[in-house]
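# please work out how this folds:
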Amino acid sequence: MKLRQALEEKLLDVRLRDRLLAEGKITKEEIAKMLKGLGDDADKSVALESDSPATRQ
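Sure, this is the predicted structure:
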């Protein structure tokens, strides 16, 4: 993985992204562009079942 790509992926961490936004190091427009560039993997998702009592009804 290239360093640039690794740093861009760190921006997906909400905690880091919010801090950088508050410090003025990134803009809302940059965040929106990054989020728009993410792919939709919904077709690859798998439903999971839980045996937890909290999920039983």
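# low pLDDT regions in the protein?
Residue ranges of the chain with pLDDT under 70: 1, 52-57.
# now do the same contact list for the residue nearest the centre of it.
Nearest to the geometric centre of the chain sits L12, at 4.1 Å (Cα atoms, centre = their mean). Residues in contact with L12 (Cβ atoms under 8 Å, 6 or more residues apart in numbering) are M34. To be clear about C-beta, it is placed using only N, CA and C from the backbone, and glycine gets the same treatment.
# distance of it relative to Q5?
Using Cβ to Cβ, to the nearest Å, L12 is found at 12 Å from Q5.
# ok so, going back, from S50, how far out is the residue nearest to the centre of the chain?
26 Å.
# kindly report the same for R19.
33 Å.
# what do you get for G37?
With the distance defined as Cβ to Cβ, G37 ends up 32 Å from S50.
# now the helices for this protein?
In the chain, the helices defined using DSSP state H lie at 3-10, 14-22, 28-36.
# just send those helices back as a markdown table, with distance to A42 and mean neighbour count too.
Listed next are those as a markdown table, based on distance: least, Cβ to Cβ, whole Å; neighbours: other Cβ atoms under 10 Å:
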| stretch | distance to A42 | mean neighbour count |
| --- | --- | --- |
| helix 3-10 | 20 | 10 |
| helix 14-22 | 20 | 12 |
| helix 28-36 | 15 | 11 |
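# format these as CSV; extra columns: distance to K44.
Shown next, in CSV, are these (distance: least, Cβ to Cβ, whole Å):
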stretch, distance to K44
helix 3-10, 19
helix 14-22, 22
helix 28-36, 19
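# compare the ones you listed and report which one is nearest to D43.
helix 28-36 (18.8 Å; Cβ to Cβ).
# fine by me, we can end here.
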